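Novice: just need the structure, nothing else, for what follows:
(one chain, ligands or ions: 1)
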Amino acid sequence: MPTKTDLRDDIQHHLKYSLGKDAGHAQITDWRLALSYAIRDRIVDPWFASTRATYAQKGKRVYYLSMEFLIGRLLEDAVVNLGLMDEAEAAFKANDLSLDDVLGDEPDAALGNGGLGRLAACFLESLSTIGCPAYGYGIRYEHGLFKQSFHEGRQIESPEDWLTQPHAWEFERPEAAFRIGFGGSVEELGGKTVWTPSEAVIAEAFDTPIIGWEGRWANTLRLWAAKPEQVFDLDRFNAGDYYGAAEPENLARTISRVLYPDDTTDEGKRLRLKQEFFFTAASLRDILRRFESEYDDLELLPQKVAIQLNDTHPAIAGPELVRLLADEKGMPVEKAIEIARGCLSYTNHTLLPEALERWSEGLMRDLLPRHMQLIEEIDAAHARENPSRGVTMTDDGDVLMGPLAFAMAHKVNGVSALHTELMKETVFEELHRLHPDRIVNQTNGVTPRRWVLSANPRLSALITEAIGDGWVDDLERLSKLEPMADDKTFRDAFAAAKRANKADLANYLGDRGTNVDPDAMFDVQIKRIHEYKRQHLNIIETIAHWQEIKDNPGAGWVPRVKIFGGKAAPGYVFAKEIIHLINAVAEVINTDADTGHLLKVAYPANYNVTLAERLIPAAELSEQISTAGKEASGTGNMKFALNGALTVGTLDGANVEIRDLVGAENFFLFGMTADEVVKRREVEGHAQKAIDADPRLKRALDAIRSGTFGPGFEGIVDNVSGPDYFLVASDFTDFYRAQREVEKAYADQDAWTRMAVLNTARSGWFSSDRTIRGYMRDVWYSEALAAE
Ligand code: GPW
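Specialist: Numbers count the residues shown, from 1 in each chain. Next comes the predicted model:
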């Protein structure tokens, strides 16, 4: 094992020989890169050992195909998982540097939008911790999710540039490259079907090792970058056409240039379909190549290969795998479908109709002519095997990627118990009837290494002192904390850790222009801005509460800081109006001398993984207030509960399971159920009825409309008092009531802390280790290995 001096020497070595810098002139980024290389060196051996063990034991490999991996920073994760925090700290202290500053220099790898991408990142870490042989496959976007700033309260987007600095973690693999074609034609030649694409790009692999807890195992995240077949058009250059000469390169590279910034909406753009096929096709070829290097019988494929589709974004894997097996390996199409289905499984993450991918048959035929034919064959084969039913893979001239993924998967899963039941009753009702054993549930989870151990060192130290350190990779051991909820000394220590985290956050927010009282209740809603997540319900309630305080400032109110964080898709006008409203309300409320000590609104810009790691440990109240039936699971909700925040929430997604586990008495429930939501929408004028019945709601909406927070918010008021599809008005009254219950509970700080302890103690089930074990058992039929 490396010793302290080893790490210090290695950092110095890399500073000099990898970065060409002398310690006297090194900048913080040089130190950070030197540490990254020194840490990466320590990952390589366990990484090789894991690969050797998988080959030696002929283990089944899991391939997780995802358009998004929302990783955040990698360095701290690696240092923590290798148990090198103390050594690294000592190494930098010797150079008068703080490890925190060094770690804080790393840009976030923001190759994802929100929950779906962050889930993929938590899964990678858990797969390595468990020792499940696995690869993540995705796209090496040059630009991740845009940077958000505010100008006069409105969201401004600017490009994200994580690759301007060297990316210390990855290994470029120019030898691992595949030619990916698009367009062209399909012919029958000598009894064989041959697709001849009209254009092609090269997919080149970049590998990032992902080290698990205690360095026992490491897997690979393989991201594909698009390159031109021919770098440069010399003829055009020589003819003086310098722009034209660079055109092929630009066109090819466009495919991996940017992450689409839409969360839970389907843009239906040609470039997006190209991205989807690009990384899926490259991954499948890589998977087959690896399989064929070990086995010569393709019938063994389902025994050795499990391919998980993270939503339908890689669903073209169905037809593409059939094409590879049938057209290129000579298998009969029906057999190829069966083998492909044995390997593939599909996770659904939403029931929102606007998020269910559909591609026009015309576009599909133009870009992927052979795949369009195979989709028709898959559809026909499914209809033959399941006669007299009305399921089709196409509708109104569109290919439906959900039904296609379902038909090509041996298991289909939802991401929370409620969501899985709703899948069976709604979008996949007919397919579920035909294949009653196919849909299973795998409730999401989060990695405790990042979301408790690294993000919340104070709480972690307290837990370890109380129950030992076994909880880090066996999170259900947190239940041993339960009796300590009744121990005053423990509660005080728990409250002190939270208070210190709040003080850190108060400093951070103060530095960014919002001064807050660290003794006020910290109430946090952080997630993508979306109507179904109802940030507008939260801000309207904030306005109503502010009005009540102003009426009677001396009535003994519980001081609160309302904290928001999140980005809106650049094209989502309504979500951007919500952002503008929150900032406008903040401006008015935060400068109100009557209420300033009782209510503040903070909205730090550019919410990302790193900011989440700062906010969650300091949160006391977690806002999980989506319209019931709309949030498939949520994963932020789990991070808050683990860090001792209480939830105010609806019966939606995994909130249901959180409440079951932490106990109804430790959870602030409000709002309609999914069934009631559906019924309420049928009520003529439901929004206006709710407004008429609640003068507080009416008064808050009137204030917005009359310009108390500036002009331009009529759209929000009109929506909430008119169509109100997400039932903000109808859930307002109960939300307001629940918030007053929250305050009543908070007034007794010690009783609140007891509830907070119970939230932590009873949330251990939400580890992504548990989720991954569920997939291994029910979906992948795969086993964990030990590295040699
Ligand atoms: F629409 N989710 C997301 F289902 O973050 F594809 N982005 C997406 O594009 C989709 C889903 C998609 C989220 C869900 O909204 C959230 O409820 C869930 O916890 C998360 O995926 C992980 O399952």
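Novice: only C-alpha atoms from now on, for both contacts and neighbour counts.
Specialist: Fine.
Novice: which other helices and strands contact the helix or strand harbouring M372?
Specialist: Assigned by DSSP states H and E, M372 belongs to helix 369-385. Counting contacts by 3 or more CA pairs under 8 Å, 6 or more residues apart in numbering; DSSP states H and E, helix 369-385 is packed against strand 185-189, helix 317-323, helix 361-367, helix 401-407.
Novice: count the neighbours of G191 for me.
Specialist: By other CA atoms under 10 Å, 7 other residues sit near G191.
Novice: between strand 185-189 and the helix holding M372, find me the angle.
Specialist: Interaxial angle of helix 369-385 relative to strand 185-189 (axes from the mean of the first three to the mean of the last three CA atoms, to 10 degrees): 70 degrees.
Novice: next secondary structure after helix 369-385?
Specialist: strand 394-395.
Novice: quick one: strands adjacent to that next one?
Specialist: Using DSSP bridges, the strands paired with strand 394-395 are strand 398-400 (antiparallel).
Novice: without its sequence neighbours, what residue ends up closest to the residue of the stretch 451-600 of the chain found nearest the ligand?
Specialist: As assessed by CA to the nearest ligand atom, the ligand sits closest to R528 within the stretch 451-600 of the chain, at 8.1 Å. The spatial neighbour of R528 that comes closest, neighbours along the chain excluded (CA to CA, 6 or more residues apart in numbering), is G566 at 4.9 Å.
Novice: where does the stretch 151-300 of the chain dip in pLDDT?
Specialist: Filtered on pLDDT under 70, the stretch 151-300 of the chain yields no residues whatsoever.
Novice: which residues in it form helices?
Specialist: 234-238, 242-254, 270-294 (DSSP state H, counting those that start in this stretch).
Novice: thinking again about what came up before, how about CSV for the helices and strands packed on helix 369-385, with mean neighbour count and distance to R680 added?
Specialist: What follows is the helices and strands packed on helix 369-385, written out as CSV (neighbours: other CA atoms under 10 Å; distance: least, CA to CA, whole Å):
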stretch, mean neighbour count, distance to R680
strand 185-189, 12, 51
helix 317-323, 26, 39
helix 361-367, 18, 37
helix 401-407, 24, 28
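Novice: on that earlier part again, give me the phi and psi for the residue of the stretch 451-600 of the chain closest to the ligand.
Specialist: The phi/psi pair for R528 (degrees, to the nearest 10) reads phi -60, psi 150.
Novice: for the remainder of this discussion, apply numbering that starts at 335.
Specialist: Okay, residue one is now 335; in that scheme the one you just asked about reads as R862.
Novice: okay, now it: neighbour count?
Specialist: Neighbours of R862 under the rule other CA under 10 Å: 21.
Novice: just the helices of the stretch 485-634 of the chain: most buried one?
Specialist: Compared across the helices of the stretch 485-634 of the chain, helix 604-628 shows the largest average neighbour count, a mean of 19 (mean count of other CA atoms under 10 Å).
Novice: now the angle from that one to helix 576-588?
Specialist: Put simply, helix 604-628 runs at 60 degrees to helix 576-588, going by the same axes, to 10 degrees.
Novice: next SSE downstream of helix 604-628?
Specialist: Sequence order places helix 635-638 as the next helix or strand after helix 604-628, per DSSP H and E.
Novice: C-terminal to that next one, what's the next element?
Specialist: strand 639-644.
Novice: what's the angle from that following strand to helix 604-628?
Specialist: Using the same axes, to 10 degrees: strand 639-644 against helix 604-628 is 160 degrees.
Novice: so what touches strand 639-644?
Specialist: The contact list for strand 639-644, computed with CA atoms under 8 Å, 6 or more residues apart in numbering, reads 394-401, 450, 625, 649, 677-682, 1114.
Novice: likewise stretch 437-455?
Specialist: Here stretch 437-455 makes contact (CA under 8 Å, 6+ apart) with 362-363, 366, 400-407, 409-410, 474-475, 477-479, 496, 593, 595-597, 644, 683, 778-780, 861-862, 942-944, 968-970.
Novice: quick one: L453 from H348, how far?
Specialist: According to CA to CA, to the nearest Å, L453 stands 33 Å off from H348.
Novice: domains for this structure, by residue range?
Specialist: Following automatic domain parsing, the chain resolves into domains at 335-388+408-441, 391-407+451-507+545-556+597-778+1106-1114, 782-1100.
Novice: average pLDDT across the first one?
Specialist: Mean pLDDT, domain 335-388+408-441: 94.
Novice: what's the helix or strand encompassing A837 packed up against?
Specialist: Take DSSP H and E as the rule and A837 turns out to sit in helix 822-845. Helix 822-845 sits against helix 791-801, helix 1083-1095, with contacts defined as 3+ CA pairs under 8 Å, 6+ apart.
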